[in-house]
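Enquirer: Please work out how this folds:
(one chain, ligands or ions: 2)
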Amino acid sequence: MIIDGKQAAADLRKILTIEVAQLKKDKGVVPGLTVVLVGEDPASEVYVRNKVKQTREVGMISNEIKLPNDTSEAQLLAVLQQLNNDDAVHGILVQLPLPKHIDESVIIAAITPNKDVDGFHAMNSGRLLNGEPGALVPCTPQGCIMLTKKHLGEDLSGLHAVVIGRSNIVGKPVALLLLQENCTVTIAHSRTKNLAEVCQQADILIAAVGRAHFVQASWIKPGATIIDVGINRIEDENGKAKLVGDVDFANVAAVCGAITPVPGGVGPMTIACLLKNTVAAARLNG
Ligand SMILES: Nc1nc2c(c(=O)[nH]1)N[C@@H](CN(C=O)c1ccc(C(=O)N[C@@H](CCC(=O)O)C(=O)O)cc1)CN2
Ligand SMILES: [Mg+2]
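Expert: Ligands and ions are numbered 1, 2, ... in the order given. The predicted model follows:
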């Protein structure tokens, strides 16, 4: 079975459209998201355009602030301070990656935690770690759990989940979410010994390594659920640019029980969950 992330994202946006209308009716609050883009990375420009468009489509306010590549860290911090103080802005997102001369951790730390719709601020990762209410949870990990449940249902307890990757943005938070779901969780990474054997134990395998076609069919437990977070641009046999995941899709699909495609899997859920976090932030701040 192929898990359709595009459809799941459209379903979530439909629910959010109703919630946004309800929030406006009951509280007079229209959630507002501001996305800050520094520089001209072409992929980031596409993602930001899609974020702005989809935010508006569900009835929320969306603003984009485009800054030149040579924006200093201090200038970006000044923009964030203004947004932190603006009551009409419920969610703030700084598109990553930032130009090399800007320290991402300094920027993430400068966003008011209750407006941090990416869920990257230490206050939000701490809340997630402690299982506290009110955490804004990173979007891609939320999407991974929703897509896993599309196939396996709501109860994941007792299943062995293996996460390949330990980034603050995907690997660590998705492992914490799986633990909240009562999974037995293994975090594997570039130094893990016997990675194939570790993956063979997985009922749920989350691949977030950033290497095209890295996960092989021989690593897969028959019937496992595979969530592919990778977005790798490669050339096909005719030299044409092509987007592929971290999983050798064609061969793994023959062994597993269900798998997310790339494109059309986790990617669309990342933006839908950003909209969900913006509604949550409007409830926290509104
Ligand atoms: N501040 C953030 N920066 C980045 C994040 C993030 O969550 N917050 N994640 C990624 C980029 N990203 C969103 O920003 C993102 C990546 C991919 C997709 C997506 O829908 N992908 C499509 C394919 C699109 C294509 O052709 O390129 C898919 O997989 O079907 C959405 C959002 C890094 N930066
Ligand atoms: Mg940098």
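Enquirer: Just give the nearest non-adjacent residue to whichever residue of the stretch 151-286 of the chain sits closest to ligand 1, would you?
Expert: Residue nearest to ligand 1 within the stretch 151-286 of the chain: residue 267 (2.2 Å; Cβ to the nearest ligand atom). C-beta: built from backbone N, CA, C; applies to glycine. With Cβ to Cβ, 6 or more residues apart in numbering as the criterion, residue 267 has its nearest non-adjacent residue at 6.3 Å, and that residue is residue 231.
Enquirer: Relative to residue 210, how far out is the one you found?
Expert: Going from residue 231 to residue 210 by Cβ to Cβ, to the nearest Å gives 8 Å.
Enquirer: For these two, indicate the residue with more neighbours.
Expert: Under the criterion of other Cβ atoms under 10 Å, the comparison of residue 231 against residue 210 puts residue 231 first, with 19 against 14.
Enquirer: for that one, what are its contacts?
Expert: 243, 245, 262, 263, 267 (Cβ atoms under 8 Å, 6 or more residues apart in numbering).
Enquirer: Could you list the contact residues of the stretch 151-286 of the chain toward ligand 1?
Expert: 231, 243, 262, 263, 264, 267, 268, 270, 271 (Cβ under 6 Å from any ligand atom).
Enquirer: Would you mind naming the helix or strand containing the third one?
Expert: In this structure, residue 262 is located outside every helix and strand according to DSSP states H and E.
Enquirer: ok, for residue 171, nearest residue in space, not its chain neighbours?
Expert: Using Cβ to Cβ, 6+ apart and skipping the chain neighbours, the partner closest in space to residue 171 is residue 165 (3.7 Å).
Enquirer: Residue 277 too?
Expert: Nearest non-adjacent residue to residue 277, counting by Cβ to Cβ, 6+ apart: residue 117, 4.2 Å away.
Enquirer: Make sure the one you found is actually in contact with residue 136.
Expert: Yes: using Cβ atoms under 8 Å, residue 117 is in contact with residue 136, at 6.0 Å.
Enquirer: So for those two, which residue has more residues nearby?
Expert: Shown here are residue 117 and residue 136; by other Cβ under 10 Å, residue 117 has more neighbours (30 against 27).
Enquirer: do you know how far that one is from residue 69?
Expert: For residue 117, the distance to residue 69 - Cβ to Cβ - is 24 Å.
Enquirer: Pick out the residue in the stretch 1-150 of the chain sitting closest to ligand 1.
Expert: As assessed by Cβ to the nearest ligand atom, ligand 1 sits closest to residue 96 within the stretch 1-150 of the chain, at 3.6 Å.
Enquirer: what residues are up against that residue?
Expert: Applying Cβ under 8 Å, 6+ apart, the residues contacting residue 96 are 44, 104, 169.
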